[in-house]
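Enquirer: Sequence first, predicted coordinates after that:
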Amino acid sequence: MSLGLKIVFFKAFLLFHFLNKCSFSKLDDHILADKRMDAIFPEISPTGSPQPLLPLLAPSPLAPFTNTTVPKLSGLCTLNFTAAENLMSTTSIDCWAVFAPYLAHVICCPQYEAALTILIGQSSKTTNLLALNGSLAKHCLSDMDQILASKGAGDNLNQICMIRPPNLTEASCPVKDVFTFENTVESSKLLAACKKVNPVKECCEQVCQNAILEAATKIALKASDDLLSPNEQHIVMDHSARIDDCRNIVLRWLASKLDTSHAKKVLRGLSSCKVNRFCPLVFPDMKHVVKSCANSISNQTACCSAMESYVSHLQKQSFVTNLQAVDCATSMGAKLRKLNISTNVYSLCRITLKDFSVQVANEVSGCLLPSLPSDATFDNFSGISFLCDLNDNIPAPWPLTDQFQTSLCNKSVKIPALPAATSHQSDRHGKDVKSLALLALLSVLMTIAV
């Protein structure tokens with residue numbers, strides 16, 4: 001493993017009493033957030049380190065983290081939350097209130113969705129149903145959020161992850177009972193393809209994904225057998241929304257055939273393929289960059305200053321994985337090329353992949369989350385922690401054309417799947433880097449909070 005890889009643990013107990021009162025309901029208002037950010041956040045250079053921040057005092061002890069509240073449940077949900085205690089605890093930590101909006105795309109929402117899939121799948125063992133009805137879905141989603149919030153998770157996860165009660169039903173899929181499902185698909189073939197998902201190979205080889213798509217397509221066509229003629233059945237085949245709804249049914253069936261921890265690994269492995277396939281960042285108007293960098297660059301300093309300012313706004317949005325960073329760099333580069341910026345401004349201004357993620361500390365710069373599925377962790381000493389790659393200065397790839405292409409299976413950019421600690425990283429690293437990283441990160445949270 002490279003000696004340049006580092007692990008940083010983010011301890012979320014600093015200023016929790018302040019942050020717990022904050023609302024993240026206006027995260028999409030980037031302009032307002034940027035104004036608040038610029039007021040106290042130091043100037044960040046894509047080629048250098050942010051200026052040191054003033055030290056902040058941490059509240060003590062860790063009572064806000066360890067105390068839980070009693071959830072107000074409907075008493076009408078049939079899902080067995082108690083039997084999935086470990087799953088619920090993991091989900092609450094992955095979606096901890098302070099970090100949830102910033103870990104949403106990579107950790108929180110994939111885990112939240114996996115938990116719902118597993119709970120419904122496991123319940124089918126007694127109900128024989130792979131979906132909830134509309135009324136039950138409403139009660140169960142509310143109870144789920146109540147339980148997670150009582151354990152410290154954000155109280156608006158269904159908004160952050162865009163999960164609504166209909167997502168827990170069969171929606172437009174014509175099959176929801178286990179008997180019909182298993183008599184329609186080749187269940188043994190499906191289980192064999194997905195029982196062991198290699199999170200590294202699956203995204204490109206798509207062994208399990210293809211088996212899921214085949215099963216989802218078969219049950220999506222189930223309703224058409226008696227309604228459409230053979231020449232018309234292709235119409236349903238092309239209906240992607242119905243197939244997507246049936247895909248959820250397939251995933252729940254898979255979850256019912258595996259134990260909870262195994263099902264979680266499979267579902268998170270599959271979700272990582274989706275996560276790493278797109279860039280979650282929103283690119284604001286590029287007119288200032290175009291003005292300074294378009295055509296032949298006459299003033300390199302002005303161009304890089306404009307790029308630095310633009311990228312610094314991207315750094316306030318979300319943590320991204322190393323593969324997402326590649327997609328973000330490629331997507332942004334394609335947009336710049338369409339705006340007549342043909343020069344490789346990434347190389348000119350020394351922009352790296354880390355510059356597309358949240359900047360966390362003096363001298364260590366951006367935090368790239370691992371592309372493989374990972375969870376946040378909690379302990380009474382460190383608080384909330386998650387794995388973060390801080391020290392791989394991989395240059396951002398400049399696209400050869402103005403057409404964006406996904407980089408998920410592109411082997412031209414070599415990046416590690418997981419950051420790794422090295423033997424020389426002593427307690428000094430643990431103390432210094434963790435403290436500096438947290439101070440910078442909390443400044444981001446504080447200034448975006450409303």
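Expert: Happy to help now that I have it. Numbering: from 1, shown residues only.
Enquirer: For the helix or strand harbouring residue 143, name the packing helices and strands.
Expert: Secondary structure from DSSP states H and E places residue 143 in helix 134-150. Where contact means 3 or more C-beta pairs under 8 Å, 6 or more residues apart in numbering; DSSP states H and E, helix 134-150 is packed against helix 85-94, helix 109-127, helix 157-160. To be clear about C-beta, it is placed using only N, CA and C from the backbone, and glycine gets the same treatment.
Enquirer: Can you give me the buried ones in the last one?
Expert: By that I understand helix 157-160. Across helix 157-160, burial judged by 16 or more other C-beta atoms under 10 Å covers 157-158, 160.
Enquirer: returning to what we had before: and the helices and strands packed on helix 134-150, which is most packed in?
Expert: Highest mean neighbour count of those: helix 109-127, a mean of 22 (counted as mean count of other C-beta atoms under 10 Å).
Enquirer: Export it to PDB, keeping only CA atoms.
Expert: The C-alpha trace of helix 109-127 is given here as PDB (Å, rounded to 0.1, in the frame of the first residue of the first chain):
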ATOM      1  CA  CYS A 109     -28.800   6.800   1.800                       C
ATOM      2  CA  PRO A 110     -27.400   3.500   0.500                       C
ATOM      3  CA  GLN A 111     -27.500   2.100   4.000                       C
ATOM      4  CA  TYR A 112     -31.000   3.600   4.700                       C
ATOM      5  CA  GLU A 113     -32.400   2.000   1.500                       C
ATOM      6  CA  ALA A 114     -30.600  -1.300   2.200                       C
ATOM      7  CA  ALA A 115     -32.200  -1.400   5.700                       C
ATOM      8  CA  LEU A 116     -35.700  -0.900   4.400                       C
ATOM      9  CA  THR A 117     -35.200  -3.600   1.700                       C
ATOM     10  CA  ILE A 118     -34.000  -6.100   4.300                       C
ATOM     11  CA  LEU A 119     -36.800  -5.300   6.800                       C
ATOM     12  CA  ILE A 120     -39.400  -5.900   4.100                       C
ATOM     13  CA  GLY A 121     -37.700  -8.900   2.800                       C
ATOM     14  CA  GLN A 122     -37.400 -10.500   6.200                       C
ATOM     15  CA  SER A 123     -41.000  -9.800   6.900                       C
ATOM     16  CA  SER A 124     -42.000 -11.700   3.800                       C
ATOM     17  CA  LYS A 125     -41.100 -14.900   5.600                       C
ATOM     18  CA  THR A 126     -44.300 -14.500   7.700                       C
ATOM     19  CA  THR A 127     -46.500 -12.400   5.400                       C
END
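Enquirer: how much does that helix deviate in direction from helix 134-150?
Expert: Orientation check (axes from the mean of the first three to the mean of the last three C-alpha atoms, to 10 degrees): helix 109-127 against helix 134-150 gives 130 degrees.
Enquirer: Mean confidence (pLDDT) on helix 109-127, please.
Expert: The average of the pLDDT scores along helix 109-127 is 98.
Enquirer: now the helices and strands packed on helix 134-150 as JSON lines including distance to residue 148?
Expert: Converted to JSON lines, the helices and strands packed on helix 134-150 look like this (distance: least, C-beta to C-beta, whole Å):
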{"stretch": "helix 85-94", "distance to residue 148": "5"}
{"stretch": "helix 109-127", "distance to residue 148": "8"}
{"stretch": "helix 157-160", "distance to residue 148": "6"}
